[in-house]
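**Student:** Pasting the sequence and the predicted coordinates here, then a few questions.
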Amino acid sequence: MIAPTPTGLAERYALALLGLADDRRQAEPGALDRIAADLESLLGLWQNDAGFRAFVADPRLGSADQKAGAFAIIDRAGIGAEVRNLVGVLITNRRLSQLAAVAAAFGIKLSERRGQQIAHVTTAHELTDTQRAQIAARLTEAGFSGVRLNETVDPALLGGLVVRIGSRLYDNSIKSKLQRLQYVMKGAA
């Protein structure tokens, strides 16, 4: 499941959480990393659990029901107070459906701050740790520094991968190769 593209609204919530993390860093030096990990685990839960995605997107639920359900899931996942409070604010403002976009925006803002570039990698199957390291190494060789992979699985690719980093797109999927072959064959007929 692909996280939605962050909007201006999502970026404002992400910046507010980033500001809160900066405030917490004075008392707790690892607060920013902890909050980022909590938000990333919540985004992972959203991506991997269709029931949770449906719950988050359901506008029929009242605030009390949403808070009860979301907080139970957050507490069970061991997610910290800052992200729990963010979810509470999203629920209060009737913006819970923006949760994934806020998490994605936070990741982008944090990567920008750390000087990292995000490579959006789409593959037909889950990547292994070795494959991740090889992709990061190839991107570093291509001149991209501080690369962080954002992975998505799309079985429609059949094989290979698609990498989008900055304004560059590297498409080495079997699906694209078959499409190019199809265009060539149509042109020859």
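**Tutor:** Ah, there it is. Numbers count the residues shown, from 1 in each chain.
**Student:** Show me the residue sitting in the middle of the chain in space.
**Tutor:** Nearest to the mean C-alpha position of the chain, counting by C-alpha atoms, centre = their mean, stands Ala104 at 4.5 Å.
**Student:** The helix or strand harbouring that residue: what's the following helix or strand?
**Tutor:** Using DSSP states H and E, Ala104 sits in helix 99-113. Next in sequence after helix 99-113, counting helices and strands by DSSP H and E, comes strand 117-123.
**Student:** Now do the helix or strand following that next one: which elements does it pack against?
**Tutor:** Downstream of strand 117-123, the first helix or strand assigned by DSSP H and E is helix 129-141. Here helix 129-141 touches strand 117-123, strand 147-153, strand 161-165, going by 3 or more C-beta pairs under 8 Å, 6 or more residues apart in numbering; DSSP states H and E. Glycine gets a C-beta too; all of them are placed from N, C-alpha and C.
**Student:** what helices or strands is the shortest one leaning on?
**Tutor:** Counting contacts by 3+ C-beta pairs under 8 Å, 6+ apart, strand 161-165 is packed against strand 117-123, helix 129-141, strand 168-171.
**Student:** one more time with 6 Å
**Tutor:** strand 117-123 (3 or more C-beta pairs under 6 Å, 6 or more residues apart in numbering; DSSP states H and E).
**Student:** can you list the helices and strands packed on helix 129-141 in TSV and add mean neighbour count and distance to Gly69?
**Tutor:** Below are the helices and strands packed on helix 129-141 laid out as TSV (neighbours: other C-beta atoms under 10 Å; distance: least, C-beta to C-beta, whole Å):
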stretch	mean neighbour count	distance to Gly69
strand 117-123	19	30
strand 147-153	16	26
strand 161-165	19	34
